[in-house]
Structures are given as C-alpha cells and as structure tokens.
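give me a model of this one.
(chains A and B)
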Amino acid sequence: ELKVEQNPLFLSMQEGKNYTIYCNYSTTSDRLYWYRQDPGKSLESLFVLLSNGAVKQEGRLMASLDTKARLSTLHITAAVHDLSATYFCAVDRDDKIIFGKGTRLHILP
Amino acid sequence: DAMVIQNPRYQVTQFGKPVTLSCSQTLNHNVMYWYQQKSSQAPKLLFHYYDKDFNNEADTPDNFQSRRPNTSFCFLDIRSPGLGDAAMYLCATRNRQGYEQYFGPGTRLTVT
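Alright, predicted model coming up:
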C-alpha cells in the first residue's frame, strides 16, 4: 500500500529564514508532486519531479527527489509572508495519486 | 481559460437527499480523479478513471458512485449524504502520457 508522510505538519517561521519540508513515501513511484493550497481554495501545482536527483526551482521554493531514499524535500529560501499556505506532496503510482497530510506553513513578519 | 470546471461551486443538500456533482475538462485527458477534502485534512482519493476503466479505492463508501459518460465529463453521485460527507470535493485530470495533474476549483458540499 502506498503511504506518504510529510513532516513537519505545522511550521511557524520568521520572514527571511530558510526551512525544509520533508516527504517520505513507502513504495516506488512514477512521479512526485508538490502543491500549494490557500484556505478555501483548490490546489495549485508547484512542481512535478520525475527521476532520481531531479531538482526544480521557482522563486524561493526548490524541490528535490531522491528515489533511492524515497524522499523529496521542499526547501524555502528567505521566506516571505506570501508563502504562508498549506503545502502537500503527492505520489503517483499506476495512476493513483496519494497525498501526504500537508504542512501548514505560517510565516511571521 | 478554465481547463477543469466543477459545478456547482457550492452545494447545499439535506441529509439523505441524493446529490450529483459535475466535473468537465477541456484538456482531453484520459485520467480523471475525484477527491474528498475535509477541513484541515489532505485530499483523499475516492476513485479514478483511466478512459472508461473505473478504479474504486477500497475504503470509499458505497454511498459514493461515479459516472464518466465521455472523455470530457465525470460525475460524483452521493446517494444518501450524511453529515460526515460535508467537504470540498475536488476533481482532477491528467494525461497518462504526461506529467501534470490539473485540479478544478472544487465543490463545497454542505449537508443540513
């Protein structure tokens, strides 16, 4: 059974600081996704990671994938208030896309 | 232009009264998904279609049914909604040969 674990589940950090969200999954997968969700809204796609060693960056967010360790990370650099949201990782295997519990990120001014 | 459209955006139904949620897509994607998301929780996969092949998650209640009459449309039927079925319902699509999964805006269901 495919399981996806994220940590931390809650993160409060100050503007300007760096932090990393971790996503572990239990079985081999076809691809890994990172999403952002604002309160009351749908999901916004951030990154799709396809292969071992993949790294993608957009602004202050950078995602990486280690398929051997079954681990993906989402790194936040010099956080700003606008990045406050819930971040989900999700893993795709045989068309099933299963989500982690999410990390609720609150960035303090 | 909207690519994954869900109707209605807000639905209020009475306890036990059947309700149907709709999803349509302009992307011609072969995989469509229905997720249930309760407050402060992760989206939970209910079922997905690859073309007309239906895949039900083992823990999806029998109360939830789905139809996909053609590539563009997919419906979620809740036969007898309970208070515990109040949630955001998210539809998503993906091209099996592609990478990205596209989400609709969601339908927020309230059960009174």
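
near chain A at all, the helix or strand containing residue B:92?
Using DSSP states H and E, residue B:92 sits in strand B:87-94. Yes: applying Cβ under 8 Å from any Cβ of the partner chain, one finds that strand B:87-94 is in contact with chain A at B:90, B:92, B:94. Just so you know, the C-beta spots here come from the backbone N, C-alpha and C atoms, and that holds for glycine as well.

weed out the non-buried ones from those residues.
B:90, B:92, B:94 (16 or more other Cβ atoms under 10 Å in any protein chain shown).

quickly list what the last one is bridged to.
It stands for residue B:94. On the basis of DSSP bridges, residue B:94 is bridged to residue B:31, residue B:101.

and if you look at the first one?
Beta-bridge pairing of residue B:90, defined through DSSP bridges, involves residue B:35.

wait, it touches residue B:102, no?
No: between residue B:90 and residue B:102 there is no contact under Cβ atoms under 8 Å: 10.8 Å.

quick one, strands of chain B?
B:4-7, B:10-13, B:19-25, B:31-37, B:44-50, B:53-56, B:64-67, B:73-78, B:87-94, B:101-103, B:107-111 (DSSP state E).

cool, chain A as well?
Taking DSSP E as the criterion, chain A carries its strands at A:4-7, A:10-14, A:19-25, A:31-37, A:43-49, A:55-58, A:61-66, A:71-76, A:85-93, A:96-99, A:103-108.

now the last one and strand A:19-25, what's the angle there?
Interaxial angle of strand A:103-108 relative to strand A:19-25 (axes from the mean of the first three to the mean of the last three Cα atoms, to 10 degrees): 180 degrees.

swap in the fifth one?
Compare the direction of strand A:43-49 with that of strand A:19-25 by the same axes, to 10 degrees and you get 80 degrees.

and if you look at the second one?
With the same axes, to 10 degrees applied, the angle from strand A:10-14 to strand A:19-25 works out at 160 degrees.

report the mean per-residue pLDDT for strand A:10-14.
The average pLDDT within strand A:10-14 is 94.
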